[in-house]
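**Q** Sequence and predicted structure below; questions after.
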Amino acid sequence: MGRLSGKVAVILGASDDRSMGYATARCFIGEGAKVVIAARREGAVKALAQKLGAEGIACDITQESDLESLAAHAVKTFGKLDIAVNYAGIETGSSILDVTAEELRKSSDVHFVGTTLFIKQMARAMTGGGSIITTSSLTVLVQAPGFASYAGAKGGADVVARIAANELGEKGIRVNSIAPGFTKSAMTEAYFASDVVRNAFLKEMPLGRFSTVEDVAETALWLASDEAFVTGQRIDVTAGQALRRVPLASEYV
Amino acid sequence: MGRLEGKCALVVGAAGKGNMGQVIARRFAAEGAKVAVAGRKMDPLNELASDIGGVAIECEFTDRESIFAMVDQATDAMGRLDIAVNATGWGLLKPFLETTDEDFDRMVALQLRGPFQFLQALIPVMERNRGGSIIQISSATATIMFHDHSAYMATKAGTDHMIRTIANEFGAAGIRANSVSPGVTETPMTADASAVPGLMDAFKKGYPLGRYGTSEDIAAACVFLASDECFMTGENLQVNGGLTLRGNPSKADIEASVAAAMAGAS
């Protein structure tokens, strides 16, 4: 008997087989859930869904109608929606002296507006309670130079998640976020190629290793299950790096 | 296959029938862990230990020697220690100006010095094991307000920060350390309060999920924190249905709720 037997889950941001979305989908399916994965590129998501034994659908988080269709697809295919996880993210960054309105809007569209509308559309489709999980970041917890557009929007989304938790509790819907540390995925691969960068980060992690997409998936599993009497929280999975700091670029460039 | 199969756990604060420590110990055992249970009264400990095939150890958590002896005894009995939970506590509710030095010293001994010494005893044992998970039961009131509870709240908040220092300093040894914050929970510690009509109702509106917590909720969180699937350290986990988003009732709210319940009952 799996820990998510009988549950239906939507996972947005499962774009390739090294992503948090993919690891989470695999973990949820292993625990008995029926899963719909989604990402922007239809071909990639369909292929990934086939590999997983999941449903796959294209979804751009910046389009509210896509989010509505995503929730509707889960309900139409599997009869209901219990769990919704959003990993959709883009990499943005510049110093404060160079940041542009365009960059801020781009990050905000995905991380703030997108996350907020994701919570809205998923909650509307959850008629029997549920668990919504969004993705925060280590950079919301410790100040990372160059991350104003990224962390600013993610931090705003965390506040929205807490407000949503307060509003949606009476419908039996829990809303939480996960703040991963520096995790190896397609988005961060370039950083991991350099020993200097890796070591600069590693020495700021009390547990002495990078978090993995599986660590994030297992945290999502706990939050998604009926075992978590937790709402409106940010769960930090940063190897303890939230206790220390993010190295300055001058330490690794 | 249990989620804690092959692990050895010590739960201190498990000498009260049906208390949070006992519920945690039973859940750990159900997940496949070997469990040592400790506290001040041997009868309930022996009964629990025989139910779960565990070990019962007497411990006075305000006494350094007793704490170190408990950790030694648990390690000797089970061969190792992977998980340690401190579920001791003293829910003193007393107006700030009436709290005596004796009250305060006793609170510090149990809720601040005891955890400090417990960590000093545990860490060398867990270093030899190449790791472990330490769980401190804290309280939502270490973050949010409640009346007449200052000594309790201050020591709980202090212990949360202590846990962060352990996570920072001993993470390299594979030791994770976290705290769990329940809200108001129906336990033997709150039995007297639950008996007063209307009292517990005053708390309910502070819970977005529409109910307050149970010891089972806390035990479930402890299983997650204790298991290998958890990569969290140095965190304070709020397991209270969103209470920290709203807050506890004031003293006046509680009095009004009790008065209304009494009037309705008469």
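**A** The structure has been received and is ready for your questions. None of these values were measured; they are calculated from a predicted model.
**Q** per-residue pLDDT, the residue nearest to B:V239 when sequence neighbours are not counted?
**A** Leaving aside its sequence neighbours, B:V239 sits nearest to B:A221 (Cβ to Cβ, 6 or more residues apart in numbering or on different chains; 4.4 Å). All C-beta atoms are positioned from the backbone trio N, CA, C, and that covers glycine. pLDDT for B:A221: 98.
**Q** what sits against B:A221?
**A** By Cβ atoms under 8 Å, 6 or more residues apart in numbering or on different chains, the contact list for B:A221 reads A:227-230, B:180, B:237, B:239.
**Q** would you turn those into TSV with pLDDT and secondary structure?
**A** As requested, those are arranged in TSV below (pLDDT from 0 to 100; DSSP: H, G, I helix; E, B strand; the rest coil):
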residue	pLDDT	secondary structure
A:E227	96	coil
A:A228	97	coil
A:F229	97	coil
A:V230	98	coil
B:V180	98	strand
B:L237	97	strand
B:V239	98	coil
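**Q** For B:R40, state which of those is nearest.
**A** Of all the contacts of B:A221, B:R40 sits closest to B:V180, with 22.0 Å by Cβ to Cβ.
**Q** contacting residues around that closest one?
**A** Counting by Cβ under 8 Å, 6+ apart, B:V180 has contacts B:135-138, B:218, B:221-222, B:225, B:236-237, B:239.
**Q** which of those residues has the most neighbours?
**A** In terms of neighbours by other Cβ atoms under 10 Å in any protein chain shown, these top out with B:C222 at 30 neighbours.
**Q** Out of the helices and strands in chain B, which is least certain?
**A** helix B:191-194 (a mean of 84; mean pLDDT, DSSP states H and E).
**Q** Give the next helix or strand downstream of that helix.
**A** Downstream of helix B:191-194, the next assigned helix or strand under DSSP states H and E is helix B:201-204.
**Q** Can you confirm whether stretch B:82-100 lies near chain A?
**A** No: using Cβ under 8 Å from any Cβ of the partner chain, stretch B:82-100 stays clear of chain A, with a minimum separation of 15.7 Å.
**Q** Show me what counts as buried in that stretch.
**A** Neighbour-count burial for stretch B:82-100 flags B:82-90, B:92, B:99 (criterion: 16 or more other Cβ atoms under 10 Å in any protein chain shown).
**Q** try stretch A:8-28
**A** A:8-17, A:19-28.
**Q** For it, measure first residue to last.
**A** 9 Å (Cα to Cα, to the nearest Å).
**Q** so does that stretch get close to chain B?
**A** No: Stretch A:8-28 lies out of reach of chain B by Cβ under 8 Å from any Cβ, never closer than 9.3 Å.
**Q** Figure out how far that stretch is from the centre of its chain.
**A** Centroid separation for stretch A:8-28 versus its chain: 10 Å, with Cα atoms, centre = their mean, to the nearest Å.
**Q** mean confidence score for that stretch?
**A** Here the average pLDDT along stretch A:8-28 is 96.
**Q** What of stretch A:149-161?
**A** 98.
**Q** roughly how far out does that stretch sit from the chain middle?
**A** 12 Å.
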